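In: No letters, just coordinates:
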């Protein structure tokens with residue numbers, strides 16, 4: 001009976017994620033035009049920050065309870081899903097069945113995204129993500145923020161004046177309220193997914209680290225997946241990459257750094273790291289190469305990324 005309630009909670013929360021994503025996407029598009037910011041930057045800071053809240057609360061709770069490995073698994077699982085499943089789904093539903101990655105800001109952020117995804121794996125090579133490592137991760141995040149806002153052309157965009165004029169101050173405030181409401185729904189739905197998924201995994205007798213990587217990783221990545229789907233249907237491809245790259249950079253640097261400072265993370269109990277590192281590295285490298293080479297991700301390349309995720313899951317299950 002309990003598992004039926006948890007399953008119903010999971011389905012209901014997933015439905016709320018869809019509603020929240022629709023609200024946030026439409027609001028962010030209008031707000032970007034009002035402030036004259038690039039859709040990419042707005043999605044990075046608003047949507048990616050909101051989507052990273054589940055990672056933050058899972059990380060804070062696990063660190064305070066002396067089980068930071070759960071947060072590490074959650075963030076690694078989140079990153080691999082963002083770079084594979086979310087990218088693939090966005091490409092499938094995009095108008096031209098491809099995800100363009102034009103623009104200097106996007107291409108440069110791609111480098112930061114790649115480093116952010118690799119850095120935790122490199123720092124934990126000695127089997128410990130120490131407080132010093134956590135400080136390095138936070139400094140990396142701050143360095144990206146400094147780079148992004150150090151030059152105006154990196155975050156601003158000139159829109160059609162008629163589009164900007166359609167949104168006055170009162171409408172901008174109303175739009176901000178709508179986005180805030182969507183983020184609130186997003187947060188509640190994410191917590192419902194994480195809670196129900198964790199109970200379901202416990203009922204099935206799955207180990208803690210496996211819960212973090214597969215269950216929590218997938219649950220916390222659902223906002224990015226839904227947002228990518230909603231943005232692709234609307235043709236807002238810059239917002240997809242802003243959200244996805246932000247959803248990698250923020251958890252892997254800022255959040256994981258804070259968790260490591262609160263409680264250093266030992267990987268000696270994480271048997272999957274040695275066996276699955278190459279799979280994770282492959283996803284990162286492929287995402288970088290596909291996005292960098294032709295400044296777009298095609299449907300065929302998305303299928304390859306999706307296959308990497310399936311291999312990743314099989315590897316985790318095999319070495320659990």
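Out: Done, it's in. All values derive from a computational prediction rather than experimental measurement.
In: can you give me the helices for the stretch 101-250 of the chain?
Out: 104-123, 131-149, 161-165, 169-203, 208-210, 217-234, 237-249 (DSSP state H, counting those that start in this stretch).
In: Which among those is found nearest to residue 77?
Out: helix 217-234 (1.9 Å; Cβ to Cβ). Backbone N, C-alpha and C define where each C-beta goes, glycine included.
In: avg pLDDT for that closest one?
Out: Taken as a whole, helix 217-234 has an average pLDDT of 72.
In: Repeat that for stretch 189-204.
Out: If you average the pLDDT over stretch 189-204, you get 69.
In: now the stretch 201-320 of the chain, which segments are flagged as low pLDDT?
Out: Scanning the stretch 201-320 of the chain for pLDDT under 70 picks out the ranges 201-221, 268-277, 316-320.
In: who touches the residue nearest in space to the middle of the chain in this structure?
Out: Centroid-nearest residue in the chain, with Cα atoms, centre = their mean: residue 247, separated by 2.7 Å. Neighbour list for residue 247: 48, 51, 52, 78, 79, 82, 86, 221, 224 [criterion: Cβ atoms under 8 Å, 6 or more residues apart in numbering].
In: Looking at the residues you listed, spot the one nearest residue 177.
Out: Residue 177 has its nearest neighbour among the contacts of residue 247 in residue 51, at 19.3 Å by Cβ to Cβ.
In: That closest one and residue 257: what is the separation?
Out: According to Cβ to Cβ, to the nearest Å, residue 51 and residue 257 sit 18 Å apart.
In: Isn't residue 129 up against residue 267?
Out: Yes - in terms of Cβ atoms under 8 Å, residue 129 counts as a neighbour of residue 267; the distance is 7.4 Å.
In: joint contacts of those two?
Out: Here residue 129 and residue 267 share the contacting residues residue 72, scored by Cβ under 8 Å, 6+ apart.
In: Show me which of those two is the more surrounded one.
Out: residue 129 (28 against 19; other Cβ atoms under 10 Å).
In: Look up the pLDDT of the more buried one for me, please.
Out: Predicted confidence (pLDDT) for residue 129: 90.
In: Distance check, it against residue 259.
Out: Separation of residue 129 from residue 259 (Cβ to Cβ) stands at 8 Å.
In: list residues touching both of the two?
Out: Common neighbours of residue 129 and residue 259, using Cβ under 8 Å, 6+ apart, are 72, 265.
In: quick one on the thing from earlier: which of residue 51 and residue 257 has more residues huddled nearby?
Out: Taking other Cβ under 10 Å, residue 51 and residue 257 do not tie; residue 51 has more neighbours (33 against 27).
In: just checking, the more buried one touches residue 225?
Out: No - the pair formed by residue 51 and residue 225 falls short of the contact definition of Cβ under 8 Å, at 9.6 Å.
In: Now residue 296. Its backbone dihedrals?
Out: Here the main-chain torsion angles of residue 296 (degrees, to the nearest 10) amount to phi -170, psi 160.
In: Do me a favour and get the end-to-end distance for stretch 36-47?
Out: One end of stretch 36-47 to the other measures 17 Å (Cα to Cα, to the nearest Å).
In: residues of that stretch that come out buried?
Out: 37, 38, 39, 40, 41, 42, 43, 44, 45, 46, 47 (16 or more other Cβ atoms under 10 Å).
In: so which helix or strand takes in residue 70?
Out: Here residue 70, judged by DSSP states H and E, is contained in helix 69-81.
In: after that helix comes which helix or strand?
Out: Using DSSP H and E, the helix or strand that follows helix 69-81 in sequence is helix 87-93.
In: After that next one, which helix or strand is next?
Out: Tracing the chain C-terminally past helix 87-93 and defining elements by DSSP H and E, one meets strand 98-100 next.
In: Partner strands of that following strand and their direction?
Out: The pairing partners recorded for strand 98-100 under DSSP bridges are strand 296-298 (antiparallel).
In: what's the offset of the partner strand from the middle of its chain?
Out: Relative to its parent chain, strand 296-298 has a centroid offset of 19 Å by Cα atoms, centre = their mean, to the nearest Å.
In: what does stretch 108-117 give?
Out: Here the centre of mass of C-alpha atoms in stretch 108-117, compared against the chain's by Cα atoms, centre = their mean, lies 13 Å away.
In: next one: stretch 118-126
Out: The gap between the average C-alpha position of stretch 118-126 and the chain average comes to 19 Å, counting by Cα atoms, centre = their mean.
In: Could you list the buried residues of that stretch?
Out: Buried residues in stretch 118-126, defined by neighbour count with 16+ other Cβ under 10 Å: 118, 119, 120, 121, 123, 124.
In: what's the answer for stretch 125-140, then?
Out: When burial is assessed from 16+ other Cβ under 10 Å, stretch 125-140 yields the following buried residues: 128, 129, 130, 133, 134, 136, 137, 138, 140.
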